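J.: Take a look and give me a structure for this.
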Amino acid sequence: GAGQAVRAAIEQGARRVVLALGGSAGTDGGAGLLAALGAAFLDRSGRSIQIAGGTLQRIATVDLTGLLDLTGVELIIAGDVGNPLTGPTGAAAVYGPQKGAGPSDVALLEAGLRHLVDRLAAHRTDASALADTPGAGAAGGLGFAGLLLGGRIVSGAEFFLDLLDFDTHVAEADLVITGEGRIDDQTAHGKLPAVVAHRSRPRPVVAVVGRSDIDPAVAAGMGLTAVHALTDRTDRNPAEDAALTRQLLVELGRTLPLPTGESIGTACASAS
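T.: Presented below is the predicted three-dimensional model:
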């Protein structure tokens, strides 16, 4: 789907394409995107492979001759993580379990990603180096595909805050509220709440999230004054109940206290 969208944009004359890479249900190293742009992934019989994380090891040869010409197109890879494609901090190892992959699934995905890099190395001598680039593992490896296409990686949070002229707006703010579905210690590594907190200083910043698994010291180090999690306000699962989520957010919005400089630990305790 991402590759089809990129192709459609370019065919309609776009000369600047931004790949906004966040969560992804796939771990295919970006091979699906490349296939949509004209790359061919063939098995030993010369037949095209239906690309998925579990089929990458079937790739015998790669044909890049049909790849869409991106000459004159600026490709920006806007991501919020610094993971490489493979290895203990790669796409399969880190994000696979978050998507429901068990140990055997992660091993299968990791082997497929490594095989994909090996096959691409026959055409691109820099394939291994690109796979090791921080951010190559974003969105299941779409960052890697973007790099292969000549894109440049930028901080997604910084890019979109600049696009929205955030610094001008925050200058008039007394309180900044940010958040995400689930906040954890990885948030500190360049995700939006961390960047918002950094660029909002010295103003107080409160995070409103679906679930909080963050260490209070990490949250405080990011510059968050308080973290309010919806799961701390109900015994039900807000992620499965839009009406409940709406109700909890309205209640929180009416009672959210202005920060008074208390520690993040105290704030988190009061929120729960």
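J.: CA only for contacts and neighbour counts going forward, please
T.: Fine.
J.: Let me see the contact set for the residue nearest to residue 121 when sequence neighbours are not counted.
T.: The shortest distance from residue 121 to any non-neighbouring residue, by C-alpha to C-alpha, 6 or more residues apart in numbering, is to residue 127 (5.2 Å). Applying C-alpha atoms under 8 Å, 6 or more residues apart in numbering, we find residue 127 in contact with 117, 118, 120, 121, 148.
J.: part of a helix, is residue 75?
T.: No - looking at residue 75 with DSSP: H, G, I helix; E, B strand; the rest coil, it is strand, so not inside a helix.
J.: quick one: it from residue 60, how far?
T.: Residue 75 sits 28 Å away from residue 60, going by C-alpha to C-alpha, to the nearest Å.
J.: So which of these two has more stuff around it?
T.: Between residue 75 and residue 60, residue 75 has the larger neighbour count (other C-alpha atoms under 10 Å), namely 20 against 17.
J.: Farthest pair within the contacts of residue 127?
T.: 118 and 148 (13.5 Å; C-alpha to C-alpha).
J.: would you say residue 245 is within a helix?
T.: Yes - counting by three-state DSSP, residue 245 is found in a helix.
J.: The residue nearest to it when sequence neighbours are not counted - how many residues pack around it?
T.: With C-alpha to C-alpha, 6+ apart as the criterion, residue 245 has its nearest non-adjacent residue at 5.1 Å, and that residue is residue 238. Close neighbours of residue 238, defined as other C-alpha under 10 Å, add up to 19.
J.: Also residue 247?
T.: 12.
J.: So that it lines up with my notes, have the first residue be 10 from now on.
T.: Sounds good: first residue 10 from here, last item residue 256.
J.: what pLDDT does it get?
T.: pLDDT recorded at residue 256 is 96.
J.: Then residue 89?
T.: Looking at residue 89, its pLDDT stands at 84.
J.: Verify the contact between it and residue 29 for me.
T.: No - the criterion here is C-alpha atoms under 8 Å, and residue 89 misses it with residue 29 at 9.1 Å.
J.: who touches both of these two?
T.: Counting by C-alpha under 8 Å, 6+ apart, the shared contacts of residue 89 and residue 29 are residue 165.
J.: more neighbours, those two?
T.: Using other C-alpha under 10 Å as the criterion, residue 89 and residue 29 rank with residue 89 on top: 25 against 22.
J.: gap between the closest residue to residue 151 other than its chain neighbours and residue 121?
T.: Closest residue to residue 151 apart from its sequence neighbours, by C-alpha to C-alpha, 6+ apart: residue 39 at 4.2 Å. Residue 39 is 12 Å from residue 121, where distance means C-alpha to C-alpha.
J.: of these two, who's got more company?
T.: With neighbours defined as other C-alpha under 10 Å, residue 39 and residue 121 compare such that residue 39 has more, 29 against 25.
J.: Just list the residues touching the more buried one, thanks.
T.: Going by C-alpha under 8 Å, 6+ apart, the list of residues near residue 39 reads 149, 150, 151, 152, 153, 154, 155.
J.: So which of these wins on neighbours?
T.: Counting by other C-alpha under 10 Å, top hit in the contacts of residue 39: residue 152 with 35 neighbours.
J.: tell me the SS of the residue of the chain most remote from its centre?
T.: Distance from the C-alpha centroid of the chain peaks at residue 54, with 35.5 Å (C-alpha atoms, centre = their mean). With three-state DSSP as the basis, residue 54 sits in coil.
J.: ok, residue 127 and residue 157, which is more surrounded?
T.: residue 157 (19 against 15).
J.: Neighbours of the residue nearest to residue 240 when sequence neighbours are not counted, how many?
T.: Sequence neighbours aside, residue 220 is the residue nearest to residue 240 in space, at 5.6 Å (criterion: C-alpha to C-alpha, 6+ apart). By the criterion of other C-alpha under 10 Å, residue 220 has 21 neighbours.
J.: And the one 5 residues further on, by the same measure?
T.: Around residue 225 sit 23 other residues, with neighbours defined as other C-alpha under 10 Å.
J.: Okay then, goodbye and thanks.
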